[in-house]
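>>> Generate a structure from the sequence data that follows.
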Amino acid sequence: LDEALQRITLAGAFFLAALNAYPGLHPPAGAAAPRRLLAALAPVLYACSLFSKAMAVTFPALLLLLDIHPLRRLVPDPRSWAEPGPRRILREKTPYLILAVAAGAVNFLGQYRHASMPSLGQVGVLERLLSALYSLGFYAGKTLVPTDLSPLYPRPETAQWIEPRFLLPAAGGFLLLALVIRLRKRLPSLAAAASSYAILLAPVSGLLPFGGALAADRYSYLSCLPWAALAGGGMFWTLTRVGGRGRVLCAACAAALLLGEGWLTLRQIPVWRDSESLWRRAASLDASSAGAHLNLADALEKRERFEEAEAQYREAAALAPKRALAKVDLAQLLERRGAKVEALELCARALESEPGDPRAHLCLGRLLEAEGKSEEAEAHFQKAFARGTRLRMPAPAQRPALEAALALRRAELSAAPRSAAAHNNLGNALAALGLLQEASGHYRESLRAGETAAAHFNLGNALALLGRSQEAAAHYGRALALDPAFGAA
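The predicted structure is shown next:
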């Protein structure tokens, strides 16, 4: 989450810089040299935004909308755009359009390759339209009244859409859309702000769903900027048309709003104190969220509070009986605590839920090997590591040497606990033995001590096999950004 927030914040900063450099915002009466400089600089800034996070792929459409209103460089009728003047204005969008198409294609193919994009069979057309309407109502509502914020809003099952918590935001999105269409001529600024909001929100609205989340608060950072601009413009318009008392009233309303938002922000600080407080809050807001319980269990396990972690894993497994993830995590915890019989049963149940799950095969293979059933174990290892991952399970004859290497790497880390190389090397030793959860933790510690392409790549490998393909793709991308010659990523 920290990395996602940093990337979105950086992308937003470059987005605003590119928007401010857009030549259409600067009067043609000005000097020609600065306008040419801005025309060259704006696409570079936009490219930096896309490299940070490809959220603003609809930026060319936003510029087109701004040229219609409030800049009035184009008229709303597209039939008039074939004339020389409008055609020149449209040509200004060419570099932005090329960048947007390239970034969108790369992002789409990356999500598709890592199987994090549900198919139409998994998430149908109606659900996608409902998700888009839900997003329109949800983000505007949460921005206006930011209460009950959560780091996770899971996508509902088809039958759950009739529940008020999903249906009301979707109805609100539909009403907002209808209102804008109805008032587009009488209130063009409102229509422009709402349309800009919809354009910026489109990539994360659920029309093309990624992962298992329905929404994320961080997606409002960029998409809700038009509402802030509309509010600021409305305040300025009011201040220029009222007398002294009216200005005092406006100032008082603005101060009350800032104080209220500040108070709500202070209430959020304890929630984001650490992973446990964050996911405990998420689980309290939505007790039916398997993902919240699963992440809470992971946070508790890292603190070696195994009994509490086990209870949360069991809750997550009960809430998502058709998914293998929670069962495998629980099996690994039980294996760590010596309850290998139940761990075996859980792995078998996980494979009944998702027969191709690599983590379930890996965990079951480890457990069978510990019981001396080498042939059965090898069969599961082969299935686990035949699914496109770069990690490979060693042969049984290699395990004693690898375990000795693991002991050596642990000793090295004890001697230099803050060494990035020591954490990375220990992560490699753990990954070689299939202990991917623990390995990923040491790769993260290595990155905290000193960011390297190799550590990002290794963490991406571990996350890919753990089934967290979106995170894996992000780390592969970061490895390439740090070292473009790092061909393995």
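
>>> Do a quick rundown of the strands in this structure.
With strands called from DSSP state E, the chain shows them at 153-154, 213-215.

>>> tell me how far the longest one is from the chain's mean position?
So that's strand 213-215. When C-alpha coordinates are averaged (CA atoms, centre = their mean, to the nearest Å), strand 213-215 and its chain have centres 9 Å apart.

>>> buried ones in it?
Neighbour counts over strand 213-215 (16 or more other CB atoms under 10 Å) mark Ala213, Leu214, Ala215 as buried. C-beta here means a position set from N, CA and C on the backbone, and glycine is covered the same way.

>>> What of stretch 166-175?
By neighbour count with 16+ other CB under 10 Å, stretch 166-175 contains the buried residues Phe166, Leu167, Pro169, Ala170, Gly172, Gly173, Phe174.

>>> so which of the residues you listed comes closest to Ser223?
Gly173 (12.5 Å; CB to CB).

>>> if I look at the closest one, how far off is Ala198?
The gap separating Gly173 from Ala198 is 9 Å, by CB to CB, to the nearest Å.

>>> so how far is Pro151 from the nearest residue in space to Ser275 that is not next to it in sequence?
Among residues not flanking Ser275 along the chain, Ala299 sits closest, at 3.9 Å (CB to CB, 6 or more residues apart in numbering). Ala299 is 12 Å from Pro151, where distance means CB to CB.

>>> Quick check: neighbours shared by these two?
Contact criterion CB atoms under 8 Å, 6 or more residues apart in numbering; residues shared by Ala299 and Pro151: Leu278, Trp279.

>>> pLDDT below threshold where in this protein?
Scanning the chain for pLDDT under 70 picks out 1-3, 27-33, 112-116, 159, 385-399, 466-470, 484-489.

>>> What is the longest helix of it by residue count?
Looking across the chain with DSSP state H, the single longest helix is helix 244-268.

>>> Identify the residues contacting it?
Outside helix 244-268, the residues within contact range by CB under 8 Å, 6+ apart are Pro146, Thr147, Leu149, Met235, Thr238, Leu239, Val242.

>>> Skip the chain neighbours and tell me the closest residue to Gln312.
Take Gln312 and drop its neighbours on the chain: the residue closest to it by CB to CB, 6+ apart is Ala297, 3.5 Å away.

>>> Show me the helices in the stretch 151-300 of the chain, by range?
With helices called from DSSP state H, counting those that start in this stretch, the stretch 151-300 of the chain shows them at 164-183, 188-201, 220-223, 225-239, 244-268, 275-285, 290-302.

>>> Could you export these to JSON lines, including columns for distance to Ala473?
Formatted as JSON lines, those follow (distance: least, CB to CB, whole Å):
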{"stretch": "helix 164-183", "distance to Ala473": "28"}
{"stretch": "helix 188-201", "distance to Ala473": "22"}
{"stretch": "helix 220-223", "distance to Ala473": "20"}
{"stretch": "helix 225-239", "distance to Ala473": "27"}
{"stretch": "helix 244-268", "distance to Ala473": "29"}
{"stretch": "helix 275-285", "distance to Ala473": "22"}
{"stretch": "helix 290-302", "distance to Ala473": "19"}
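
>>> what's the closest of the ones you listed to Ala422?
Going by CB to CB, the one of the helices of the stretch 151-300 of the chain nearest Ala422 is helix 290-302, 18.8 Å.

>>> Give me the packing partners of that closest one, helices and strands only.
For helix 290-302, the contact count by 3 or more CB pairs under 8 Å, 6 or more residues apart in numbering; DSSP states H and E identifies helix 275-285, helix 306-319, helix 325-336 as packing neighbours.

>>> Enumerate every residue touching Leu278.
Counting by CB under 8 Å, 6+ apart, Leu278 makes contact with Leu1, Pro151, Val271, Trp272, Ala299.

>>> closest to Ile181 among those residues?
Among these, Pro151 lies closest to Ile181 (CB to CB), at 33.9 Å.

>>> wait, what's in contact with that closest one?
Residues in contact with Pro151 (CB under 8 Å, 6+ apart) are Leu1, Ala216, Asp217, Leu278, Trp279, Ala282.

>>> Tell me how many other residues crowd the third one.
Pointing back at Asp217 there. Asp217 is flanked by 18 other residues according to other CB atoms under 10 Å.

>>> Adjust the sequence numbering to begin at 145 for everything that follows.
Done: numbering now begins at 145, and the last item shifts to Asp361.

>>> Nearest to Pro178, out of the helices of the stretch 295-444 of the chain?
helix 369-383 (23.6 Å).

>>> residues near the residue lying closest to Ala625 once chain neighbours are set aside, how many?
Leaving aside its chain neighbours, Ala625 sits nearest to Phe195 (7.3 Å; criterion: CB to CB, 6+ apart). By other CB under 10 Å, the residues close to Phe195 number 16.

>>> Please report how far Phe195 lies from Lys466.
Relative to Lys466, Phe195 is positioned 37 Å away (criterion: CB to CB).

>>> sorry, back to before: out of the contacts of Leu422, which are buried?
Pro295, Val415, Ala443.

>>> In JSON lines: the residues you listed, plus distance to Gly435.
Converted to JSON lines, the buried ones among the contacts of Leu422 look like this (distance: CB to CB, whole Å):
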{"residue": "Pro295", "distance to Gly435": "9"}
{"residue": "Val415", "distance to Gly435": "17"}
{"residue": "Ala443", "distance to Gly435": "13"}
